[in-house]
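[1] With the input below, show me the fold.
(one chain, ligands or ions: 2)
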Amino acid sequence: MAVPRSCVLRTYCGRSWLRLMRTGGPQWLHSSLPGGLLGARLLSQEKQATETHFGFETVSEEEKGGKVYQVFESVAKKYDVMNDMMSLGIHRVWKDMLLWKMNPLPGTQLLDVAGGTGDIAFRFLNYVQAQHQRKQKRQLKAQQNLSWEEIAKKYKNEEDPLGGSHVMICDINREMLKVGKKKAFDQGYKAGLAWVLGDAEELPFDDHKFDVYTIAFGIRNVTHIDQALQEAHRVLKPGGRFLCLEFSQVNNPLISRLYDLYSFQVIPVLGEVIAGDWKSYQYLVESIRKFPSQEEFKEMIEDAGFQKVTYESLTSGIVAIHSGFKL
Ligand SMILES: COc1cc(O)cc(C/C=C(\C)CC/C=C(\C)CC/C=C(\C)CC/C=C(\C)CC/C=C(\C)CC/C=C(\C)CC/C=C(\C)CC/C=C(\C)CC/C=C(\C)CCC=C(C)C)c1O
Ligand SMILES: C[S@@+](CC[C@H](N)C(=O)[O-])C[C@H]1O[C@@H](n2cnc3c(N)ncnc32)[C@H](O)[C@@H]1O
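    Ligands and ions are numbered 1, 2, ... in the order given. Have a look, this model is predicted:
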């Protein structure tokens, strides 16, 4: 089949081209190659390259995104209550620890990818607001001769309690974002946040835009993790930081046995009883087992171009926080 060169360039430029290379190239390229052994090998490579996993199930790469979408569409309304029930509230501590590690200053521009119902974003807003208030107090204390009128005026005139900080919550799932927006409204978060529908693998943002990129319990669900990491690198400013909170590998054999028992025997049952959804919670525990170990994931982050990559395992390695810098 003859394909005009200009058409190839227009259609497969930039990141779309990268994606095609990863999946073995466009179909017309294969059908235009000579048959026989070379053709068969190329076709079998293509088949291998397009297969991936959805939990313990083998699926095509094209199918996975849709299946993941269905999972979060189905659990969205019960998502927050399920997390508290399943983890007995421990997920809150893990998320707080992500913020302590980030330690954002007023003015920080955060991109929270796979941000779902906003847990990381709300913590970020609370954190920077508290930091900003502390800074303001320090500045006022340093000014010795202010009258009480001047002090009151300074407090009242404070236009932006976040000191210019902003968080962009990006998620591929409309239902998760809908629940997040409602939560923000109910809890009074108005300023300093925006919600965007978007794919971690093809972020709808310009290069060098954010100071910090976070992804919490999200990257495990992405079809091409390497592509998502490259996108994280692209949108960060030089000097920017990548932070990922994700399930990881438990290394203590006794805890690992108990953990398996709890994961496979209890979690899907809770999923069924509370959310009426066994399958989504079976996917959750299976996808955790498919995710790379702390060291393997560290290497993937380095491969995407990040430097000074480190990780900290929490709760015996049930989860880990990975950190890297764009230098
Ligand atoms: C569809 O996709 C998803 C849906 C979601 O709702 C969430 C996510 C993403 C996840 C999060 C945002 C985080 C929050 C969610 C979780 C933590 C759920 C996943 C949970 C696990 C994979 C299991 C590990 C959980 C924990 C360590 C949390 C604490 C829980 C316990 C200590 C269990 C206590 C429970 C009982 C006592 C009930 C009775 C249990 C049994 C009869 C079974 C046997 C259990 C044991 C002997 C104890 C369990 C032991 C462990 C879990 C290991 C303990 C480890 C240490 C103490 C270090 C999403 O993608
Ligand atoms: C387990 S939730 C995590 C939500 C939130 N970060 C938290 O910690 O509670 C996973 C989220 O990843 C989102 N997600 C899955 N694949 C995605 C992708 N390719 N791009 C963006 N978001 C994605 C899902 O829609 C879901 O909201």
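
[2] how many other residues sit next to Q227?
    For Q227, the number of neighbouring residues by other Cβ atoms under 10 Å comes to 19. Backbone N, C-alpha and C define where each C-beta goes, glycine included.

[3] how long is stretch 179-197 from one end to the other?
    Distance across stretch 179-197, first residue to last, is 13 Å (Cα to Cα, to the nearest Å).

[4] so V309 sits in a helix?
    No: assessed with DSSP: H, G, I helix; E, B strand; the rest coil, V309 is strand; it does not lie in a helix.

[5] Please name the nearest non-neighbouring residue to it.
    Excluding its sequence neighbours, the residue lying closest to V309 (Cβ to Cβ, 6 or more residues apart in numbering) is G324, at 4.1 Å.

[6] Enumerate the beta-bridge partners assigned to the one you found.
    F242 (DSSP bridges).

[7] Could you report the neighbour count for it?
    Here the number of neighbours of G324 (other Cβ under 10 Å) works out to 26.

[8] same thing with F325?
    15.

[9] start at 575 instead
    With 575 as the first residue, the last one maps to F899.

[10] I figured it hits K811, correct?
    No: at 10.8 Å, F899 does not count as touching K811 under the criterion of Cβ atoms under 8 Å.

[11] distance of the residue nearest to V883 from A688?
    17 Å (Cβ to Cβ, to the nearest Å).

[12] Give me the three-state assignment for the closest residue to ligand 2 within the chain.
    Using Cβ to the nearest ligand atom, the closest approach of the chain to ligand 2 is made by G690 at 2.8 Å. In three-state terms, and counting by three-state DSSP, G690 is coil.

[13] Enumerate every residue touching the residue nearest to it when sequence neighbours are not counted.
    The shortest distance from G690 to any non-neighbouring residue, by Cβ to Cβ, 6+ apart, is to M750 (4.4 Å). When contacts are counted by Cβ atoms under 8 Å, 6 or more residues apart in numbering, M750 touches F646, A650, Y653, G690, T691.

[14] residues near the fourth one, how many?
    What it means is G690. G690 is flanked by 26 other residues according to other Cβ under 10 Å.

[15] didn't it look like it was pressed against K755?
    No: when contacts are counted by Cβ under 8 Å, G690 is not listed as touching K755 (11.3 Å).

[16] Setting aside sequence neighbours, what's the nearest residue to the residue nearest to the spatial centre of the chain?
    Closest residue to the average C-alpha location of the chain: I789 at 2.5 Å, with Cα atoms, centre = their mean. Closest residue in space to I789, ignoring its immediate chain neighbours: V687 at 4.7 Å, by Cβ to Cβ, 6+ apart.

[17] what residues are up against the one you found?
    V687 makes contacts with C744, D745, A774, L777, Y787, T788, I789, G792, A802, A806, as judged by Cβ under 8 Å, 6+ apart.

[18] Now do the fourth one against A878, distance only.
    Same thing as L777. 13 Å.

[19] what ranges do the strands span in the stretch 625-774 of the chain?
    For the stretch 625-774 of the chain, the strands defined by DSSP state E, counting those that start in this stretch occupy 625-628, 631-634, 683-687, 740-745, 767-771.

[20] Pipe the ones you listed into TSV and attach distance to A716 and mean pLDDT per row.
    Rendered in TSV, the data for the strands of the stretch 625-774 of the chain read as follows (distance: least, Cβ to Cβ, whole Å; pLDDT from 0 to 100):
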stretch	distance to A716	mean pLDDT
strand 625-628	57	94
strand 631-634	60	92
strand 683-687	27	99
strand 740-745	27	98
strand 767-771	31	98
